[in-house]
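Novice: Sequence and predicted structure are below.
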Amino acid sequence: MPSRHKSRKQALQILFQLDARGLPLQDAMAAYYGALYPEETPDPFTALLVGGAMEQMTQIDHRISEHSPHWRLERMPVVDRNILRLAIYEMTQTPTPAVVVISEALELARRFSGQESVPFINGLLEALRREMLPDQASGTEP
């Protein structure tokens, strides 16, 4: 079983395909595991993250929009939008501590997005964490 970091990276890549190419979920999963990475096997945590983020996308996108009044969702870079979707789903629907989720999201942003995206993603996720999970301590840095 891959590490959770690797699972998050895979989930982000699948969500990116879903968003950028408009593929149905099963087709995006098949494309990722069949064509791009045939040596990989579907990971249950990756499937949970992708399926959950897709299932709750309307609610997640609403939360993103509420906390980014100067950025319309459709104008955000596709990578950033999907890092946020992935992190918000995991932060609110799994037992993973928010500080871990935010740290992982920032790592994904550093790897797959521009450096200017890191503070934006950090600020938005921290605002959501304070609003939704006030009892969980902060501790992330851009």
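Specialist: Everything's here; your move.
Novice: For the residue most central in space within the chain, list the residues it contacts.
Specialist: Centroid-nearest residue in the chain: residue 86, 2.2 Å away (criterion: Cα atoms, centre = their mean). Residues counted as contacts of residue 86 (Cβ atoms under 8 Å, 6 or more residues apart in numbering) are 8, 11-12, 15, 49, 53, 105, 108. Where you see a C-beta, it was placed from the backbone N, CA and C, and this is true even at glycine.
Novice: What's the first helix or strand after the worst-scoring helix or strand of the chain on mean pLDDT?
Specialist: Within the chain, confidence by mean pLDDT, DSSP states H and E is lowest for helix 25-30 among all helices and strands, at a mean of 87. Once the chain leaves helix 25-30, the next helix or strand it forms, by DSSP states H and E, is helix 44-55.
Novice: From the contact counts, what lies against that next one?
Specialist: helix 4-21, helix 25-30, helix 78-93 (3 or more Cβ pairs under 8 Å, 6 or more residues apart in numbering; DSSP states H and E).
Novice: Let me see the mean pLDDT of the last one.
Specialist: I take that to be helix 78-93. When pLDDT is averaged over helix 78-93, the result is 97.
Novice: Just the C-alpha atoms of it, please, in CSV.
Specialist: Taking Å, rounded to 0.1, in the frame of the first residue of the first chain, the C-alpha atoms of helix 78-93 are listed here in CSV:
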residue,chain,number,x,y,z
VAL,A,78,-6.8,23.9,-12.1
VAL,A,79,-4.1,22.5,-9.9
ASP,A,80,-4.9,24.9,-7.0
ARG,A,81,-8.6,24.4,-7.2
ASN,A,82,-8.1,20.6,-7.0
ILE,A,83,-5.5,20.8,-4.2
LEU,A,84,-8.2,22.8,-2.2
ARG,A,85,-10.9,20.3,-3.0
LEU,A,86,-8.8,17.4,-2.0
ALA,A,87,-7.6,19.1,1.3
ILE,A,88,-11.1,20.3,2.3
TYR,A,89,-12.6,16.9,1.7
GLU,A,90,-9.9,15.2,3.8
MET,A,91,-9.9,17.8,6.5
THR,A,92,-13.7,17.6,7.0
GLN,A,93,-14.4,13.9,6.3
